[in-house]
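Undergrad: any chance you could fold what I've pasted below:
(chains A, B, C and D)
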Number of protein chains: 2
Amino acid sequence: MSISDAESLVMDVLWNEHPLSADEVVAALAKSTDWQEPTIKTLLNRLLNKGAVEAERDGRRYLYRPLLSRADYVHAESKSLLDRLFDGRVAPLVAHFSERRKLSKKDIAELKRLIGEIDNEA
Amino acid sequence: MSISDAESLVMDVLWNEHPLSADEVVAALAKSTDWQEPTIKTLLNRLLNKGAVEAERDGRRYLYRPLLSRADYVHAESKSLLDRLFDGRVAPLVAHFSERRKLSKKDIAELKRLIGEIDNEA
DNA sequence: CTTTTCAATTTACGGCTGTAATCTTTGTTA
DNA sequence: TAACAAAGATTACAGCCGTAAATTGAAAAG
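TA: This next block holds a predicted model:
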């Protein structure tokens, strides 16, 4: 029961704010995509069938809200990447970006802080 | 010119050792998949057309070797995930796994070492 | 030189995805 | 209550992907 790329953009809207009517989702996506309204209706329907969102009747329309949480989605996607490419662990990914000099100062500062935090609570 | 999941398993074999004949690739994949030989030939051909591997004639057969490096592939995949889900940065991904208590002791030790290294060379 | 035999190339095909048009249902208005 | 409008549901369709069978072409063997 996986979420496709296009579907995840619809989920993004609902994670940001919910419940929303289809029209409101369409309005929100008009900023970032040039999808037609029927396209978005299709994606909402596929998400419904997958159980990733639920719909509650509100007069003549529905209000949609996510059932799958953003954190769970993010975790599944990330774990899948780590499993495929980094032996399932986080550190080798960080090492890869370090070797490529792709860690920003902000990244490095935040990593330090995280490590410190973990040490404290341990 | 992106590599699909199935194709990436073929690339894995070639990254591990090359050049290899199609038969050798088939033999290597027999351990991890139950794909038939024609399936693997198809994947090799798609990779050829995409320019991800090259083939050098060797008598009646070809020897295949990767043109796309594993590091470049890993980087593209990882960057795409970070861009989609973590604002393009590494630290928020680490934070996510930290919050979920999904950092192994090994991860934590290695992260410390990495940070130390970066500090030294800076 | 003809036949056989492999390896590679072409073709196939159902499912998923991105994208959307059309149809149906149901609430609203004349 | 009959016609209209709006929302959702159904159908569509091409491209990619996983999976593989059929065809072609070229090397080896007789």
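
Undergrad: got a pLDDT number for the nearest residue to residue A:52 once chain neighbours are set aside?
TA: Among residues not flanking residue A:52 along the chain, residue A:68 sits closest, at 4.5 Å (C-beta to C-beta, 6 or more residues apart in numbering or on different chains). All C-beta spots, glycine's among them, are computed from the backbone N, C-alpha and C. For residue A:68, the model assigns a pLDDT of 97.

Undergrad: need the phi and psi values for residue A:68.
TA: Here is the backbone geometry of residue A:68 (degrees, to the nearest 10): phi -80, psi 130.

Undergrad: quick one: residue A:55 is in a strand?
TA: Yes. Residue A:55: assigned to a strand according to DSSP: H, G, I helix; E, B strand; the rest coil.

Undergrad: so what's the closest residue in space to residue A:53 that isn't next to it in sequence up against?
TA: Setting aside the residues directly before and after it, residue A:53 is nearest to residue A:47 in space (C-beta to C-beta, 6+ apart), at 4.6 Å. By C-beta atoms under 8 Å, 6 or more residues apart in numbering or on different chains, the contact set of residue A:47 is A:3, A:7, A:10-11, A:53.

Undergrad: just these: which are in strands?
TA: Counting by DSSP state E, the contacts of residue A:47 place residue A:53 in strands.

Undergrad: rewinding a little: pull the distance from the helix or strand where the residue nearest to residue A:53 lies to the chain's centre.
TA: Assessed by DSSP states H and E, residue A:47 sits inside helix A:37-50. What separates the centre of helix A:37-50 from the centre of its chain is 17 Å, taken as C-alpha atoms, centre = their mean, to the nearest Å.

Undergrad: give the buried residues for it.
TA: Buried residues in helix A:37-50, counting neighbours by 16 or more other C-beta atoms under 10 Å in any protein chain shown, are found at A:40, A:43-44, A:46-47.

Undergrad: CA atoms only: put it into CSV for me.
TA: The C-alpha trace of helix A:37-50 is given here as CSV (Å, rounded to 0.1, in the frame of the first residue of the first chain):
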residue,chain,number,x,y,z
GLU,A,37,-9.0,19.5,-11.0
PRO,A,38,-9.9,16.0,-12.2
THR,A,39,-6.3,14.9,-11.8
ILE,A,40,-6.4,15.8,-8.1
LYS,A,41,-9.8,14.2,-7.7
THR,A,42,-8.3,11.0,-9.1
LEU,A,43,-5.4,11.2,-6.7
LEU,A,44,-7.7,11.8,-3.7
ASN,A,45,-9.7,8.7,-4.7
ARG,A,46,-6.7,6.5,-5.1
LEU,A,47,-5.5,7.6,-1.6
LEU,A,48,-9.0,6.8,-0.3
ASN,A,49,-8.9,3.4,-1.7
LYS,A,50,-5.5,2.8,-0.3
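
Undergrad: ok, and the closest non-adjacent residue to residue A:82?
TA: With C-beta to C-beta, 6+ apart, the residue lying closest to residue A:82 is residue A:88, at 5.4 Å.
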